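In: whatever this is, show me its structure:
(one chain, ligands or ions: 1)
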Amino acid sequence: MSDTPLVWCPGCRPEADQIAEMLETLWCGTHMPERAGADDGAVSFGLDPGTEAEQSRALCAFVHRDRPAMGEGLLSDRPMDAVG
Ligand SMILES: [Zn+2]
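Out: From the prediction side, this is the model:
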């Protein structure tokens, strides 16, 4: 058959013989393993890169803001009270 597909999604056709049919593994959007791109190209998933970055930044700011705020408050509260 000349209509033999060169690409092959293991999720769509698990019974296909990749080696015998000389298929090139190409996951479709449904079966694409997210782990593979989670570390590398998760940005190209359709989500706005800016959104994720903004969320990360907001969370980072919140986390880093909470720590010094608490330590500073506890530390500066005592000397201030003692002095004042
Ligand atoms: Zn598939």
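In: by mean pLDDT, point me to the weakest helix or strand of the chain.
Out: helix 34-38 (a mean of 60; mean pLDDT, DSSP states H and E).
In: what residues does this protein put near the ion?
Out: 9, 11-12, 28, 30-31 (C-beta under 5 Å from the ion). Where C-beta positions appear, they are placed from N, C-alpha and C, glycine not excepted.
In: of those residues, keep whichever come out buried.
Out: Cys9 (16 or more other C-beta atoms under 10 Å).
In: I'd like to know which of the residues of the chain next to the ion is nearest to Glu54.
Out: Set against Glu54, the nearest of those by C-beta to C-beta is Thr30 (28.4 Å).
In: OK, contacts around the closest residue to that closest one other than its chain neighbours?
Out: In space, and not counting its chain neighbours, Thr30 is closest to Gly11: 6.7 Å by C-beta to C-beta, 6 or more residues apart in numbering. Shown in contact with Gly11 (C-beta atoms under 8 Å, 6 or more residues apart in numbering): 27-28, 30-31.
In: need the pLDDT of Gly11.
Out: pLDDT recorded at Gly11 is 94.
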